[in-house]
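1. Pasted the sequence and its predicted model underneath.
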Amino acid sequence: MEEIVVSAPRRSLRPRMGSVTLAVLTAVYILVVANQTFWAKAFGYLSSTPAAFVGFVIGIAAITVAAMVTLSAKYVIKPALIFFIMVAVVSSWFTDQFGVIIDKEMIRNAAVTTQAESAHLMTPAFLFHIFFAGMVPSLFILWVKVVHKPVVRKFLWNTAVVIPCVAVFVAVGLGFSQTYASVGRLHKDIMLTLNPFLPIGSVARFVFASEEDRNIVRRPLGTDAHQRSASTTGKPRVTIIVAGETGRAQNFSLGGYPRETNPEMKARGVVYFSNATSCGTATAVSLPCMYSVYPRQKYTHRKGLETDNLMDILGHAKVQVEWWDNDTGSYGVANRIPYRFLPDAADPRFCTDGECLDTVLLDKLDDWLSNVKSDSVLVLHQLGSHGPAYYRRYPDDFRRFTPDCRTAEFGACKPEEIVNAYDNTILFTDHVVAKVIDALKEHEGAISANMLYISDHGESLGENGLYLHGAPYIIAPAEQIRVPIIAWLSPDFSAASRIDAACLAANAAEPASHDNVFHSVLGLLDIATSVYDAKLDLFAGCRKTGDTVAQAASSG
């Protein structure tokens, strides 16, 4: 009789793990690996009350476990846990390396980032971090065989874990409520770096807001705008607005910075408004806000979209308006005026890898000025000092402050090298703005001109462990909200507009902000409209006679 051999089943090399066990391990991994900044802040803010800190750790761990276990259903658990890990790991890189808080406005800013700008963030260290901290544990989750209980038992088992965890979270919160409330009032950022929950919530808020924005109907504003009279010089009035990028006031020598970062503008006799602040800490907020009629406290992204801005009102007044962009776009401000995105031309004299030096803004300026026939406004939107790749914002001729950081990976540079690179960007901006003034001077026989430079926001260069920009305004450091506002008026423009240059210089230390831009430009071009507010016009108080735009506006 033939012998029947029954072989033993092959044992799988894949580890087996219960769904709750895997969820708990993932929660612990995320809290330990991807929340270093969060725990450092929490310890710093709660170290004076050790029991409250321990309770805080227990409470956050409990609610994180509850969230992971809730999603440990069959077919859901692996993609959900991998998603949480990857979001947490990517977010933690920016919070740990740069101190970035990933709120809704940061997501909005990231959504319009150019490919070239994004490439600067994809450093070898970043990719190394993503692979080992994100991909490796994700591959382990894919490899492991998850053991699930029958549906009813699984529901009961998961509930038996989730409910006590939520109870612990609530008990800790109530037990130390007075301490947590006090710390929360003093340190509003305590929960703003918790990964992955804050970034996921921020994305959700951004998506919902974007869907609502699709239904916006723009409301006309300032349709009564008109120029009171032609220029008394008989020449077209020309205003060039240089919209700066990431220029912080602390590093402008015009404002007292000990390094000479503004030698060329200083030589041209500009007026420097030394006590100015921005509307936001990121371009996506500040740029549309500064051209909006709304002051910072009343401005919202939705209001900016649904209301005519300064460019529109200039158009209502029959002023010729144009926008040249060397940054990431106008964020809706230039939607209804002629617009040029200069990097598209990829001019090899100025541009490499999708980005251009700001001298590209000067290339066609002389031709444009030669063809001005009526009152006109030209906006030049700089790439300026946008980080972290500061070294790419200036040519070798402007490497005055050395050694300068020659990488977008700040961890590879000393703090002073980062500052040197940033200061070189300010030196180059000084040159670009000075050349704009020179171009206006060269055409002063045919035009009556003025120039405004306004940076959109500032920048952190390592102060308090922060780099770059984009902090929520309520907790933003001065480095991110103090910005330079600079004006230059040709002699015949000052005379025709009756603006007292000495008065302007004397008042330049008074508080100013992006709130002033809308009304100051209208005033410079002698535009009367019901939405003009002389109190917010930086130049109104220095007009020599009573024949002012403010009077015209108030009289009807």
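-> Perfect, thanks for sending it.
2. Which elements pack onto the helix or strand where Val433 lies?
-> Element membership for Val433 (DSSP states H and E) is helix 415-442. Identification of packing neighbours for helix 415-442 by 3 or more CB pairs under 8 Å, 6 or more residues apart in numbering; DSSP states H and E yields strand 237-244, helix 263-267, helix 365-370, strand 448-455, strand 460-461, strand 485-489. (C-beta placed from N, C-alpha, C; glycine too.)
3. which residues sit against the second one?
-> It stands for helix 263-267. Residues external to helix 263-267 that are found in contact with it (CB atoms under 8 Å, 6 or more residues apart in numbering): 253-254, 430-431, 433-434, 437, 486, 488.
4. Buried subset of those, written for ChimeraX?
-> Command for ChimeraX, covering only those of these found buried under the criterion 16 or more other CB atoms under 10 Å:
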select :253,254,430,431,433,434,437,486,488
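5. Ends of stretch 352-371, what's the gap?
-> For stretch 352-371, the first-to-last residue distance is 30 Å (CA to CA, to the nearest Å).
6. Near Asn464, how many other residues are there?
-> Applying other CB atoms under 10 Å, we find 8 residues neighbouring Asn464.
7. typo on my end, Asp358
-> Counted by other CB under 10 Å, the residues lying close to Asp358 total 28.
8. Let's see the pLDDT reported for it.
-> Confidence per residue is given as pLDDT, and for Asp358 that number is 98.
9. ok now do it, which residues does it touch?
-> Going by CB under 8 Å, 6+ apart, the list of residues near Asp358 reads 326, 382-384, 393, 428-429, 432.
10. just these now: which is nearest Leu522?
-> Checking the contacts of Asp358 against Leu522 with CB to CB, the nearest one is Gln382 at 22.8 Å.
11. phi, psi of that closest one?
-> Its backbone dihedrals place Gln382 at phi -80, psi 160, with angles given as degrees, to the nearest 10.
12. Would you mark the buried spots in the helix holding Val433?
-> By neighbour count, with 16+ other CB under 10 Å as the criterion, the buried positions of helix 415-442 are 417-437, 439-440.
13. average pLDDT for it?
-> Per-residue pLDDT values over helix 415-442 give a mean of 98.
14. which residues touch Leu380?
-> 240-243, 324, 326, 361, 436.
15. average pLDDT for the helix or strand hosting it?
-> In this structure, Leu380 sits in strand 376-381 according to DSSP H and E. In this model, strand 376-381 carries a mean pLDDT of 98.
16. ok, it: who's next to it in the sheet?
-> strand 237-244 (parallel), strand 320-325 (parallel) (DSSP bridges).
17. so which of those strands is the most packed in?
-> Mean neighbours per residue, mean count of other CB atoms under 10 Å, is largest over these for strand 237-244, with a mean of 26.
18. what angle do it and strand 448-455 make?
-> In this structure, strand 237-244 runs at an angle of 20 degrees to strand 448-455, with axes from the mean of the first three to the mean of the last three CA atoms, to 10 degrees as the basis.
19. then strand 237-244 to CSV, C-alphas only?
-> Taking Å, rounded to 0.1, in the frame of the first residue of the first chain, the C-alpha atoms of strand 237-244 are listed here in CSV:
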residue,chain,number,x,y,z
ARG,A,237,2.1,110.5,-13.4
VAL,A,238,3.8,107.2,-13.0
THR,A,239,3.9,105.1,-9.9
ILE,A,240,6.0,101.9,-9.7
ILE,A,241,5.2,99.7,-6.8
VAL,A,242,8.0,97.2,-6.0
ALA,A,243,6.2,94.4,-4.1
GLY,A,244,9.0,93.0,-2.0
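20. That one vs helix 415-442, what angle?
-> Relative orientation of strand 237-244 versus helix 415-442 (the same axes, to 10 degrees): 170 degrees.
21. quick one: the spatially most central residue of the chain and Tyr339, what's the gap?
-> Residue closest to the average C-alpha location in the chain (CA atoms, centre = their mean): Ala282, at 1.9 Å. From Ala282 across to Tyr339, the span is 21 Å (CB to CB, to the nearest Å).
22. Redo the helices and strands packed on helix 415-442 as a markdown table? Include mean pLDDT.
-> As requested, the helices and strands packed on helix 415-442 are arranged in a markdown table below (pLDDT from 0 to 100):
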| stretch | mean pLDDT |
| --- | --- |
| strand 237-244 | 97 |
| helix 263-267 | 98 |
| helix 365-370 | 97 |
| strand 448-455 | 97 |
| strand 460-461 | 96 |
| strand 485-489 | 98 |
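23. Gly18 is nearest to which of these?
-> With respect to Gly18, and counting by CB to CB, the nearest of these is strand 460-461 at 44.8 Å.
24. what's that closest one in contact with?
-> 99, 415, 418-419, 422, 466-469, 471, 477, 479-480.
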